[in-house]
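Asks: Okay, sequence plus prediction incoming.
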Amino acid sequence: MRAVLDPNVLVSSVLSAVGAPAQVLARWRSGDFELVASELVIAELERALRYPKVEKLLEPQDAISLVALVREHAHFAADPPAAQRSRDPDDDYLIALAEAERAVVVSGDRHLLELADDVPVLSPRAFLNALEEEIRT
C-alpha cells in the first residue's frame, strides 16, 4: 500500500508517542507501507513544525530529524498540478499527489475526510485498519 501523509499527521506522530498518528509513523518505519512525499509535503511539514504551539512541545532536533527521516526514506515524487478538489485549496496538492502516485491520503483534516466517497482519503485510525486488513488477505 502507498500513502501520502498529511503533514499534520506527521507532526502529530512526534508530538505524542501514543495514538493513531504515532502508530502510522511506526508502521511506515517498519516497512508496512510506502510513504509518498514531495517538495510541497516537505515545505508544509517544515512550516507546521515552526508553528509556535508546536515549537513549544517539540525539541528542535526532533523536528529536524522528522524532516530528514521523510526526505531520506520516503518515495519522492514530482509535485503534480493541483486541481481544486476540496473546500480548502491548500489541501488540493495532497489529493493530486496521491492520485498521481496511486496512493491514499491519510489525514485528520475534515475538509479532506469529507471527500472520502470520491477520493481515497482515510483517517489515521482507518488507515491502520486498512493495513491490518491488507495483512490478513
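Replies: Received it, and whenever you're ready, just let me know what you need.

Asks: List the residues that contact Val9.
Replies: By Cβ atoms under 8 Å, 6 or more residues apart in numbering, Val9 lies in contact with Pro21, Val24, Val106, Ser107, Gly108, Pro124. (Each C-beta comes from the backbone N, C-alpha and C, glycine too.)

Asks: Please, where are all the strands along the protein?
Replies: 2-5, 34-37, 75-76, 104-106, 121-122 (DSSP state E).

Asks: Quick check: which of those is nearest to Asp90?
Replies: Of all the strands of the chain, it is strand 104-106 that lies closest to Asp90, at 13.3 Å by Cβ to Cβ.

Asks: what's next to the closest one, contact-wise?
Replies: So strand 104-106 is in contact with 1-6, 9, 24, 94-95, 98, 112, 119-124, 127, 130, going by Cβ under 8 Å, 6+ apart.

Asks: Go through the strands of the chain and name the closest to Val67.
Replies: strand 34-37 (10.2 Å).

Asks: Could I get the buried residue list for the closest one?
Replies: For strand 34-37, burial by neighbour count (16 or more other Cβ atoms under 10 Å) applies to Leu35, Val36, Ala37.

Asks: So for the second one, what's the pLDDT?
Replies: Spelled out, that is Val36. pLDDT for Val36: 98.

Asks: show me the contacts for it.
Replies: Contacts of Val36 (Cβ under 8 Å, 6+ apart): Arg2, Ala3, Val4, Ala74, His75, Ala77, Leu97, Ala98, Glu101, Ala103.
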